[in-house]
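*Asks:* give the three-dimensional model of this entry:
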Amino acid sequence: MKTIDELIAQGVGGKRVFVRADLNVPLDGDASAAERNITDDGRIRAAVPTIRKLAENGARVVVASHLGRPKGAPDPQFSLAPVAKRLGELLGLDVTFATDTVGDSAKSAVEATGEGGVTLLENLRFNPGETSKDDAERAAFADELAALADLYVGDGFGAVHRKHASVYDLPARLPHAAGGLIATEVGVLKKLTEDVKRPYAVVLGGAKVSDKLGVIEHLLQKADRILIGGGMAYTFLKAQGHEVGGSLLQEDQIPAVKGYLEQAEKLGVEFVLPVDVLAAESFPDLKTKAPADPAAVPVSAIPAGLMGLDIGPETRKLYASKLADAATVFWNGPMGVFEHPDYAEGTRAVAQGLLDSGSFNVVGGGDSAAAVRLLGFDENAFGHISTGGGASLEYLEGKTLPGLAALEDS
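*Replies:* Alright, predicted model coming up:
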């Protein structure tokens, strides 16, 4: 695929360059509040280098993104207005914010954007054409977006697994190239799939095992060991015959999980599950962060009235030992309810294990990336922190990502 440097070498001065970024950041505060706060600006910071490079070379930059999952109509709680403010702070520029995507505000804002200027459009998903499964409706919206620009740069890695108008259809309508972030993300993921340095350890967590079935099946052919934590671990423990109390459980996935455990044994892939967990009677209050009273219990004796909310102290030690000699590590998904300090130590132990191993390590976006920042780790100490958890998983499953396919057609 053509790179942004090649595009710049051909000349972008004075041209309108549409940058499809991923600025889908978490916001706190009430939706009706005049000002909402960004709680994790990692994705905005990741988008800055490409935007800055284009602006410094005289482009008239038009940035677009989605935020959350509005239902095809304007919704104040999903406005990108707070993002425009933060993007301007990071760029050191006044970023113009258009209050619509392809309407009068967008058209006038783009028209007024001078060389080296930056305009951010309102949430793309406020228009039903962005996410439509109807090819014609999606194409019509892509046509309207294309009218705002001369060139296209795809740099929203967190959205490349979606067949959306701004990701899949728009590149076909304009000369296009991959931004620096996407080039970096793809290069990193190739290191996890091609000529991998071993031992190769994979750590998977998060709530639902069903979200990870495809990647588990694929990684059984690639990894040397797979460590499981988070809510998904309890389905594995149940499949092994353990009672899991009130812990998160997907009963319908137990047959599939048993199959993966059997397949791992046949392939010689080490499957590592928790040996103890932190359990409590109820889910913690994440707003007040009121102290909880968890008990560390072995997985063979989780009481019926308790739910597992983090891996326990013995499991932390076990997982650290399983990461210690790894040459390559991919981690996607927290080990517990890391947002609460009483259930953050399992996730902290895994993050520290990646650093202590000296491995080439990749933090696979989403909650894992948020946890790294929330727990106070130096982001630069990790090999790579991805901006796209879902896109990373689908790439590792061997799926074709529509957004990447569209950029490869240069």
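
*Asks:* just checking, Lys399 touches Lys163?
*Replies:* No: using CB atoms under 8 Å, Lys399 is not in contact with Lys163, being 11.8 Å away. For every residue, glycine as well, the C-beta is placed using N, CA and C.

*Asks:* of those two, which one has the most company?
*Replies:* Lys163 (18 against 14; other CB atoms under 10 Å).

*Asks:* which ones are touching the more buried one?
*Replies:* With contact set as CB atoms under 8 Å, 6 or more residues apart in numbering, Lys163 has these partners: Arg138, Pro402.

*Asks:* host element of it?
*Replies:* For Lys163, there is no host helix or strand (DSSP states H and E).

*Asks:* now it: how far from Val269?
*Replies:* 32 Å (CB to CB, to the nearest Å).

*Asks:* repeat for Pro82
*Replies:* Applying CB to CB, the value for Pro82 to Val269 is 44 Å.

*Asks:* now do stretch 233-243, average pLDDT.
*Replies:* Per-residue pLDDT over stretch 233-243 has a mean of 97.

*Asks:* residues in contact with that stretch: which ones?
*Replies:* Residues contacting stretch 233-243 (CB under 8 Å, 6+ apart): 205, 209, 228, 244, 247-251, 253-254, 257-258, 261, 273-274, 277, 299-300, 302, 304, 308, 311.

*Asks:* which of those residues fall in helices?
*Replies:* Those of the contacts of stretch 233-243 mapping onto helices are Ile254, Val257, Lys258, Leu261, per DSSP state H.

*Asks:* surely Leu54 touches Gly11?
*Replies:* No: using CB under 8 Å, Leu54 is not in contact with Gly11, being 11.8 Å away.

*Asks:* show me where this protein has helices.
*Replies:* With DSSP H as the criterion, the chain has helices spanning 4-9, 42-56, 81-91, 104-112, 135-146, 180-191, 213-219, 233-239, 254-267, 313-323, 345-357, 366-374, 389-396, 402-408.

*Asks:* any low-confidence regions in the stretch 151-300 of the chain?
*Replies:* For the stretch 151-300 of the chain, applying pLDDT under 70 flags no range at all.

*Asks:* and the strands in it?
*Replies:* Secondary structure of the stretch 151-300 of the chain (DSSP state E, counting those that start in this stretch): strands located at 151-154, 176-178, 200-204, 225-228, 270-272, 276-280, 295-298.

*Asks:* just list what the fourth one packs against, helices and strands only.
*Replies:* Right, the one you point to is strand 225-228. Contacting strand 225-228 under the criterion 3 or more CB pairs under 8 Å, 6 or more residues apart in numbering; DSSP states H and E are the following elements: strand 200-204, strand 270-272, helix 313-323.

*Asks:* how about a cut-off of 6 Å?
*Replies:* Helices and strands touching strand 225-228, by 3 or more CB pairs under 6 Å, 6 or more residues apart in numbering; DSSP states H and E, are strand 200-204, strand 270-272.

*Asks:* who does the first one pair up with?
*Replies:* On the basis of DSSP bridges, the sheet neighbours of strand 200-204 come out as strand 225-228 (parallel), strand 328-332 (parallel).

*Asks:* out of those, which one sits most buried?
*Replies:* strand 328-332 (a mean of 28; mean count of other CB atoms under 10 Å).

*Asks:* can you pull the contacts of Gly312?
*Replies:* Asp276, Val277, Leu278, Ala296 (CB atoms under 6 Å, 6 or more residues apart in numbering).

*Asks:* from Val63, how far off is the closest residue in space to Gly403 that isn't next to it in sequence?
*Replies:* Nearest residue to Gly403, sequence neighbours excluded (CB to CB, 6 or more residues apart in numbering): Val160, at 3.0 Å. According to CB to CB, Val160 and Val63 sit 16 Å apart.

*Asks:* and if you look at Ser247?
*Replies:* From Ser247 to Val63 the distance is 42 Å (CB to CB).

*Asks:* those two: who's more crowded?
*Replies:* Val63 (27 against 21).

*Asks:* does that one touch Leu120 like I think?
*Replies:* Yes: counting by CB atoms under 6 Å, Val63 touches Leu120, with 4.7 Å between them.

*Asks:* report the contact partners of Glu157.
*Replies:* Actually, residue 157 is Phe rather than Glu. Leu181, Ile182, Glu185, Thr387, Gly388, Ala391.

*Asks:* what's the closest non-adjacent residue to Leu286?
*Replies:* Once flanking residues are discounted, Leu286 sits nearest to Glu339: 5.0 Å by CB to CB, 6+ apart.

*Asks:* I misspoke; the intended subject was Phe271.
*Replies:* Ala264 (4.5 Å).

*Asks:* show me what contacts Leu354?
*Replies:* Val329, Asn361.

*Asks:* how does it look with 8 Å?
*Replies:* Going by CB under 8 Å, 6+ apart, Leu354 touches Leu323, Val329, Trp331, Asn361, Val363, Phe382.

*Asks:* same question for Val329.
*Replies:* Tyr200, Ala201, Val202, Val203, Leu323, Leu354, Ser357, Ser359, Phe360, Asn361, Val362.

*Asks:* among the residues you listed, which pair sits farthest apart?
*Replies:* Between any two of these, the greatest separation by CB to CB is 14.1 Å, found for Val203 and Phe360.

*Asks:* neighbour count winner among the two?
*Replies:* Of the pair Val203 and Phe360, Val203 is the one with more neighbours under other CB under 10 Å, namely 30 against 20.
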